[in-house]
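[1] need a 3D model of the sequence below.
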Amino acid sequence: MDITIRDEFIRLGQALKLAGLVGSGVEAKIVIADGLVSVNGEADTRRGRKLREGDVVSYNGESFTVHSSQN
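    Residues are numbered from 1 along each chain as shown. The predicted structure is shown next:
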């Protein structure tokens, strides 16, 4: 799965919601804080982590890649 962003970056919590992997910001905060989300193969507990073009996010057996429409 892929998500496309309009800006230079998107924050991790927002990206999880955009991809439909969580239903709310509160849910995103919880799963990120619990270390259940990985970015580029490494667990990340920062909800505000900036994702950029090419970053791969995995959660609950699903993954998505960030693409930018700025290219």
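
[2] which other residues reach the longest helix belonging to the chain?
    Taking DSSP state H as the criterion, the chain has its longest helix at helix 25-33. For helix 25-33, contacts defined as CB atoms under 8 Å, 6 or more residues apart in numbering pick out 12-14, 16-17, 22, 37, 44-47, 59-60. Any C-beta I mention is one placed from the backbone N, CA and C, and that applies to glycine too.

[3] okay, buried residues for stretch 28-37 please.
    Residues A28, V31, I32, V37 are the ones in stretch 28-37 that count as buried (16 or more other CB atoms under 10 Å).

[4] now the end-to-end length of that stretch.
    9 Å (CA to CA, to the nearest Å).

[5] tell me the mean pLDDT over that stretch?
    Mean per-residue pLDDT for stretch 28-37: 97.

[6] for stretch 54-70, same thing?
    Averaging pLDDT along stretch 54-70 yields 95.

[7] tell me the buried residues in that stretch?
    Buried residues in stretch 54-70, counting neighbours by 16+ other CB under 10 Å, are found at D55, V57, S58, Y59, F64, V66, S68.

[8] and for stretch 19-28?
    Within stretch 19-28, the residues scored as buried using 16+ other CB under 10 Å are A19, L21, V22, A28.
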